[in-house]
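Q: Just a sequence and a predicted model for now, questions to come.
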Amino acid sequence: MKRSGKFYRRNEQDVMSQLGLQPTKNSGSGWIEKEDGQSEDVICQLKSTDASSIKVNKKDLDVLQYNATVAHKLPVFAIQFLQSQEVYLVLKPEMLPEIVKYIETGERVDNDLLDIDISEHEQLEPEVRKTIKSSSSAREMFNRENEKQFQKKRRSAK
């Protein structure tokens, strides 16, 4: 039997709470809060499965890394196998000492580890939509051409 979205949302909240993170609203799909859970120093994405294996996309990891960089937090990718209720955390090896330091002392994140080039991900200036001004004669000409293009051809009854 397929699980409902309500189940996954509740499960996500439970797992984030177990990890000591605050679950985000709407699974991070809003403008302010991103990913599935956050604390003051950590941001986490959760993937759950009923299967015995899971596929991790590089794009998901890149988005997590980007959101962590923007928020100046440590990125943690969590994988949960629902059958056994086991949760695994995926980290970059160079972040392991920082995570251990954070767990032991609760000290803030060393921002040098989080430096990546975010310029490829964000546009500095929003795109400006061009406004097209129209006259009544241009509109009438467009409608005539449109009618001509879609007009049914008469056929004889032969």
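A: Now that the structure is in, tell me what you want to look at.
Q: check contacts around residue 24.
A: 30, 33-38 (C-beta atoms under 8 Å, 6 or more residues apart in numbering). Every residue, glycine included, has its C-beta placed from N, CA and C.
Q: all strands of this structure, in order?
A: 22-23, 37-38, 42-49, 74-81, 86-90 (DSSP state E).
Q: and the least confident helix or strand in the chain by mean pLDDT, what does it pack onto?
A: The weakest-scoring helix or strand in the chain, judged by mean pLDDT, DSSP states H and E, is helix 96-105 (a mean of 80). Where contact means 3 or more C-beta pairs under 8 Å, 6 or more residues apart in numbering; DSSP states H and E, helix 96-105 is packed against strand 74-81.
Q: Which elements pack onto the strand it packs on?
A: Counting by 3+ C-beta pairs under 8 Å, 6+ apart, strand 74-81 packs on helix 5-18, strand 42-49, helix 58-71, strand 86-90, helix 96-105.
Q: Dump these into TSV; add mean neighbour count as well.
A: Formatted as TSV, those follow (neighbours: other C-beta atoms under 10 Å):
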stretch	mean neighbour count
helix 5-18	14
strand 42-49	21
helix 58-71	16
strand 86-90	12
helix 96-105	13
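Q: I'd like the ones you listed as JSON lines, with distance to residue 25 appended.
A: Shown next, in JSON lines, are these (distance: least, C-beta to C-beta, whole Å):
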{"stretch": "helix 5-18", "distance to residue 25": "10"}
{"stretch": "strand 42-49", "distance to residue 25": "14"}
{"stretch": "helix 58-71", "distance to residue 25": "15"}
{"stretch": "strand 86-90", "distance to residue 25": "21"}
{"stretch": "helix 96-105", "distance to residue 25": "24"}
